[in-house]
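In: No sequence on hand, only this structure:
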């Protein structure tokens with residue numbers, strides 16, 4: 001392990017390997033709480049404070065996990081919230097903020113998008129980074145002084161995505 005990230009023999013397995021290890025840890029974290037009679041708000045607080053932070057570093061350091069991972073995560077979280085019974089509150093309501101009548105359950109997919117999106121200004125402002133140079137030279141729109149990602153047309157975006165293959169999967173996900 002290097003800085004909390006397990007490096008497998010086959011580097012293409014790094015995302016799956018690390019997220020699966022954290023996923024297995026969820027059961028250990030939730031086990032002592034399953035027998036307690038927590039309210040829905042108590043369970044949401046538990047998830048937001050103990051479970052979601054387990055993935056923050058991985059989501060900000062590695063490419064995004066597959067949609068299958070997020071589906072498995074949601075099944076496990078909602079099974080903890082509702083047990084074996086039916087869901088009594090719509091997921092959209094659980095994820096919404098208090099002002100919109102929600103319960104502020106953190107959506108791990110949204111956390112992933114937010115963390116990846118936070119790299120965009122860094123890529124633009126740190127022009128000496130190798131990935132930044134690739135993006136800068138890929139299209140003239142990125143040579144303007146304005147923040148370029150706000151002015152992309154669909155054609156510009158497709159052009160950028162076609163030219164990002166030499167950069168890491170992480171930065172490709174950040175740009176998407």
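Out: Good, I have the coordinates. Predicted model, so just to flag it, every value in this text is computed and none were measured.

In: check contacts around residue 48.
Out: By Cβ atoms under 8 Å, 6 or more residues apart in numbering, the contact list for residue 48 reads 104, 105, 106. Quick note: C-beta positions are derived from backbone N, CA and C, even for glycine.

In: Put together CSV for the residues you listed, with pLDDT on each row.
Out: Shown next, in CSV, are these (pLDDT from 0 to 100):
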residue, pLDDT
104, 95
105, 96
106, 96
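
In: Please narrow those to those residing in strands.
Out: Using DSSP state E, no member of these falls in strands.

In: wait, which of those residues is closest to residue 26?
Out: Nearest to residue 26 among those is residue 106, at 13.8 Å by Cβ to Cβ.

In: picking that back up, if you rank the contacts of residue 48 by neighbours, which is first?
Out: Compared across the contacts of residue 48, residue 105 has the highest neighbour count, 23 neighbours, by other Cβ atoms under 10 Å.

In: Skip the chain neighbours and tell me the closest residue to it.
Out: Counting by Cβ to Cβ, 6 or more residues apart in numbering, residue 94 is the residue found nearest to residue 105 once chain neighbours are left out, at 4.3 Å.

In: Next one: that neighbour relative to residue 44, how far apart?
Out: Counting by Cβ to Cβ, to the nearest Å, the gap from residue 94 to residue 44 is 7 Å.
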